[in-house]
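Enquirer: got a predicted model here, sequence first, then my questions.
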Amino acid sequence: MKKQMTLRPSPTALLSPRCDSSFKAMFTAGTKESNEALKDFISTILSRPVESVELLPNEPVVEIIDEYQMSFDVSVKFNDCEKIAIEMQARNRGYDYSGRAEIQVARLLSTNNKKGDNWLTPPAFQISVLDFSFNKSDKFPLSWYTMKDKNGNELAGKLNVIFFDLVKIRKLTAKPIKNLTKLEKWGMFLSFAGDEQQKNYINDIISTEDGLMNAKSALLTVSQDEINWARQNSIFIGLEDYNAREQHFKDYEARLAGMARDITRKEQDVTRKEQDVTRKEQDITRKEQDVTRKEQDVTRKEQDVIRKQGELEQKESELKNEAFKLAQTMLKFGVPIEQIKQNLNFSPDELKQL
């Protein structure tokens, strides 16, 4: 007998709730287990009892022509009047996810507002189960946002955006199961229910909570449908392609950043060398200026020597003239020529001039 081909990895393999199509299939299967799991999940997130759930169309009615048609993974009315939209977000698409969540919950609230209810419309909730960290600085896996004033006073509590961070939950795998909170157990189930290597760990967690037992039963039911595996595989392949492209762009950006750093370093090296050249040129200019000043000093000194020599020669000439006049006077008074020669130290040529 020919073996039937199947996309299911093994007869006991479960779809991964981290895939939005599988997450949606688990909570919207329409079985008793699916409804009980959905009630328990909402109750755990909101920390209050949920008595009843009713699945709603996942696409709110568009009221005007150019209004954006949005859709939810799971749209629910619970406790007869309150509305909640639940989404599984496997990757951060890079857009303003907080703005998206606010718009979604506002649309959900507006569709529940009825004429004549005197603005007593029940609050609306948007729960996003995230397989990435929306706010890395927040240490808690559950973040609840409402409208408040700058002093922290809540307005009416009608709009509620809740982020459930599975990345932070998965950091708690070393925590003993008996110490896990119910919220943390749900996070572990959503993170690892589709991982066969974690089967024993997840089964130990499931055995502690009725809501998780129902969730596993619902997941087991939808895991028998080949269409669900085809959808999940398609999404995961697309996710892998997206991650590969994203990593490629990150690597490319890193290479560009590295090249930019290299260029900056080279430009800095060139600037430093130019500064070194400028400093050396300035040193040479200073030395040339020093040489010029020294040459000017030498010139001035030479000029001083020449001036002093001229002054000495002039004085010598004046002294010679005075001595010559004195010798003539001595001759008139009959002083012998030999005595004049000795006293005035005249040369023979100078004596002849007398």
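Expert: In hand now; what should we look at?

Enquirer: show me what the longest helix seen in the chain is packed against.
Expert: Secondary structure assigned by DSSP state H gives helix 226-332 as the longest helix of the chain. If you count contacts as 3 or more CB pairs under 8 Å, 6 or more residues apart in numbering; DSSP states H and E, helix 226-332 packs onto helix 20-27, helix 337-344. In this view, the C-beta of every residue, glycine as well, is placed from N, C-alpha and C.

Enquirer: those: lowest mean pLDDT?
Expert: Mean pLDDT values for these show the minimum at helix 337-344, a mean of 74.

Enquirer: one step back: pick the most buried one from the helices and strands packed on helix 226-332.
Expert: Counting by mean count of other CB atoms under 10 Å, helix 20-27 has the highest mean neighbour count of the helices and strands packed on helix 226-332, with a mean of 24.

Enquirer: report the secondary structure state of residue 84.
Expert: Under DSSP: H, G, I helix; E, B strand; the rest coil, residue 84 falls in the strand class.

Enquirer: that one pairs with what?
Expert: residue 76, residue 125 (DSSP bridges).

Enquirer: what pLDDT does the model give it?
Expert: Looking at residue 84, its pLDDT reads 93.

Enquirer: stretch 281-292: how far from the chain's middle?
Expert: 50 Å (CA atoms, centre = their mean, to the nearest Å).

Enquirer: could I have the CA atoms of that stretch written out in CSV?
Expert: Output of stretch 281-292 as CSV, limited to C-alpha atoms (Å, rounded to 0.1, in the frame of the first residue of the first chain):
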residue,chain,number,x,y,z
GLU,A,281,56.0,74.4,7.2
GLN,A,282,55.3,76.7,10.1
ASP,A,283,58.5,75.5,11.8
ILE,A,284,60.5,76.1,8.7
THR,A,285,58.9,79.6,8.3
ARG,A,286,59.8,80.3,12.0
LYS,A,287,63.4,79.1,11.4
GLU,A,288,63.7,81.2,8.3
GLN,A,289,62.4,84.2,10.2
ASP,A,290,64.9,83.5,12.9
VAL,A,291,67.7,83.3,10.3
THR,A,292,66.5,86.6,8.8
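
Enquirer: of all the helices and strands packed on helix 226-332, which lies closest to residue 147?
Expert: Among these, helix 20-27 comes nearest to residue 147, with 27.4 Å by CB to CB.

Enquirer: contacts for the closest one?
Expert: Under the contact criterion CB atoms under 8 Å, 6 or more residues apart in numbering, helix 20-27 has outside partners 15-17, 34, 37-38, 41, 58, 73-74, 86-90, 129, 190, 194, 215, 218-219, 222, 225, 228, 231-232, 235.

Enquirer: and if you look at stretch 230-245?
Expert: The contact list for stretch 230-245 (CB under 8 Å, 6+ apart) reads 7, 15, 16, 19, 20, 21, 22, 90, 91.

Enquirer: would you map the strands across the stretch 51-200 of the chain?
Expert: 53-55, 74-78, 82-89, 124-130, 142-145, 159-165 (DSSP state E, counting those that start in this stretch).
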